[in-house]
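[1] Mind folding the following:
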Amino acid sequence: MDAFDWHRFLLDDKPLSFLIEVSLRVLIAYVVVFVFLKVSGRRGIKQLSLFELVVILTLGSAAGDVTFYDDVPVLPVLVVFLVLLLLYRLTTWGIAHSEKLSKLIEGEVITLIVNGLYELKSLDGLNISEDEFFMELRQSGVEHLGQVRLALIELDGQLSLYYFDDRDVRPGLSVLPPEHRPAFTRVPNTGLYACTRCGQTLQITGGESPPCPRCKNALWSAALATRRAQ
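    This next block holds a predicted model:
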């Protein structure tokens, strides 16, 4: 084997004409994936459900193999496409006709915040860090939980927020980064504080360290009462 054999480096043992075949394979794979998305009825792919993501990854893997490997024939990829499309149609039909199957495959909308407080039963089952969740709130213009009347995590993982009117905003837990939201087990000054776990507010005398009456957490942060910037 010669060092710096550029033909081996670029094409291995394939002839230059194989690039034309690769171009045709890429075109076929592109058309297959595009047609699948069109036939499946999706108008866009900004947010995919878990099931749809599995389908796309499976199809993409098959399309990728036929694109790069000359020993992978095209016809089996078309069969993969047809079988996946059939499974997709059957599953979406089942989801539309069975609430249990819909919950199993797509999950449920999760109620995370009600009237400025976390829903305790929803907290433990979430696969999302507090920092990530707070970041999403900040990007939506939220400074503290007291500005939020209702927060829902949709089936696609997106956050839907419904706000209090300015006159109804209440004190709440700050969603600012830790350097702007110090937390205390023993509060330094008398004032209104918010539980860092559930958002419950409580008037606390300086030097005290009471547990949260709602969730028994013992970490507090100064509550904010600012209105949302319009």
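
[2] Break this structure down into its domains, please.
    The chain breaks down into these domains under automatic domain parsing: 6-104, 110-222.

[3] Now for residue 102, how many residues are close by?
    The local packing of residue 102 (other C-beta atoms under 10 Å) involves 16 other residues. From N, CA and C alone the C-beta is placed, and that goes for glycine too.

[4] List the residues that contact residue 164.
    116, 146-149, 170 (C-beta atoms under 8 Å, 6 or more residues apart in numbering).

[5] By mean pLDDT, show me the worst of the domains of the chain.
    Across the domains of the chain, domain 6-104 has the smallest mean pLDDT, namely a mean of 70.

[6] Which of the residues in stretch 86-98 are classified as buried?
    88, 91-92, 95 (16 or more other C-beta atoms under 10 Å).

[7] For those, could you give me TSV that also reports distance to residue 205 and secondary structure?
    Below are the buried residues of stretch 86-98 laid out as TSV (distance: C-beta to C-beta, whole Å; DSSP: H, G, I helix; E, B strand; the rest coil):
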residue	distance to residue 205	secondary structure
88	61	helix
91	58	helix
92	58	helix
95	54	helix
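
[8] hang on, the earlier thing: residue 182: which of the contacts of residue 164 is nearest?
    Residue 182 has its nearest neighbour among the contacts of residue 164 in residue 146, at 18.1 Å by C-beta to C-beta.

[9] gap between the spatially closest residue to the closest one that is not a sequence neighbour and residue 191?
    Nearest non-adjacent residue to residue 146, counting by C-beta to C-beta, 6 or more residues apart in numbering: residue 172, 2.6 Å away. Look at residue 172 and residue 191: by C-beta to C-beta, to the nearest Å, they are 14 Å apart.

[10] Of the two, which one has the most company?
    residue 172 (26 against 13).

[11] The residue nearest to the spatial centre of the chain in helix, strand or coil?
    In the chain, the residue lying closest to the centroid (C-alpha atoms, centre = their mean) is residue 157, at 4.0 Å. Secondary structure, DSSP: H, G, I helix; E, B strand; the rest coil: residue 157 is coil.

[12] any idea how far residue 107 is from it?
    9 Å.

[13] Now do the contacts for residue 220.
    183-185, 187, 193-196, 202, 204, 212.

[14] mind listing the strands for the protein?
    110-114, 117-118, 148-153, 159-163, 183-184, 191-195, 201-204, 220-222 (DSSP state E).

[15] Which of those sits closest to residue 56?
    It's strand 148-153; of the strands of the chain, that one is closest to residue 56 (C-beta to C-beta) at 22.1 Å.

[16] Many thanks, we can stop here.
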